[in-house]
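Participant: Need a 3D model of the sequence below.
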Amino acid sequence: MLHEIEISVTNINLEEAKERLQELEANYVGTYNYKILNIEIENRGNIESEEYYTKWARVRSDGKKTTLTLKEQYGTDINKRLEYEVETSDFITTAKIILKMLPDAKYSYIEKSRIDYRYKENNLDIVIDKWPKLPYKMEVEGPSEESIKEFYKRLNLKSGTLAPSIAVSNEEYYKMFNIDYKEMINEYNEKFEKMLEELQ
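Facilitator: Below is the predicted model:
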């Protein structure tokens, strides 16, 4: 089990972010194209309240490595997210197993690209994500809230907006940019369902 402590910065300028990361001597790890299936398990309370709780499973693959992750978020505090993760051998088979176990669960499939960096000085992972139809988004994850905020201050980006909470759902994130999340997810879910059919 890991405590996932991170901040998100939306609407960043990619070239500015890459230049600043290079200046701070963050190490480039790689660029990946992900398949991601999120499976809703439990939600209760208002997303802006400290009483909020959500739990979901994620199956993710970059074509080489596939992981199954269980995530829990308590309230809006960045120190109150728990993560349990194992590596599996196959994306679509793992997805099918979880969906068989949770036949009534809502799910959403999506694909995105990611640029991955590592900042050894503060033991931080920095990723720049490109979701369909959205501008670039940066996430900084590390061992403490203090080390993350110190790094973000040193990064000194002119672009981007610090997200108010890591409890913001993907749907809420898309709403920030006036994009119909459900319509887009329906298109990707149809693609995922065809992948399931091919496994028969």
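Participant: Can you mark which positions in stretch 106-120 are buried?
Facilitator: Using 16 or more other Cβ atoms under 10 Å as the test for burial, stretch 106-120 gives 107-110, 112, 114-117, 119. Bear in mind the C-beta positions are built from the backbone N, C-alpha and C, glycine included.
Participant: got the residues you listed as a markdown table, with secondary structure and distance to Y188 columns?
Facilitator: Shown next, in a markdown table, are these (DSSP: H, G, I helix; E, B strand; the rest coil; distance: Cβ to Cβ, whole Å):
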| residue | secondary structure | distance to Y188 |
| --- | --- | --- |
| Y107 | strand | 11 |
| S108 | strand | 7 |
| Y109 | strand | 5 |
| I110 | strand | 5 |
| K112 | strand | 10 |
| R114 | strand | 17 |
| I115 | strand | 21 |
| D116 | strand | 22 |
| Y117 | strand | 27 |
| Y119 | strand | 32 |
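Participant: Which two among the residues you listed are spaced furthest apart?
Facilitator: The span of the buried residues of stretch 106-120, defined through Cβ to Cβ, is set by Y107 and Y119 at 33.2 Å.
Participant: quick check: longest helix of the protein.
Facilitator: helix 181-199 (DSSP state H).
Participant: Where in this structure is the helix or strand with the lowest mean pLDDT?
Facilitator: Sorting the helices and strands of the chain by mean pLDDT, DSSP states H and E puts strand 2-3 at the bottom, at a mean of 60.
Participant: Now the next helix or strand after it - C-alpha only, PDB.
Facilitator: Following strand 2-3 in sequence order, the next helix or strand is strand 5-12 (DSSP states H and E). Taking C-alpha atoms only, strand 5-12 is exported to PDB below (Å, rounded to 0.1, in the frame of the first residue of the first chain):
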ATOM      1  CA  ILE A   5       0.600  12.400  -2.600                       C
ATOM      2  CA  GLU A   6       0.400  14.500  -5.700                       C
ATOM      3  CA  ILE A   7      -0.700  17.800  -7.300                       C
ATOM      4  CA  SER A   8      -2.100  18.500 -10.700                       C
ATOM      5  CA  VAL A   9      -1.400  21.400 -13.000                       C
ATOM      6  CA  THR A  10      -3.900  21.800 -15.800                       C
ATOM      7  CA  ASN A  11      -3.500  23.700 -19.200                       C
ATOM      8  CA  ILE A  12       0.300  23.800 -19.300                       C
END
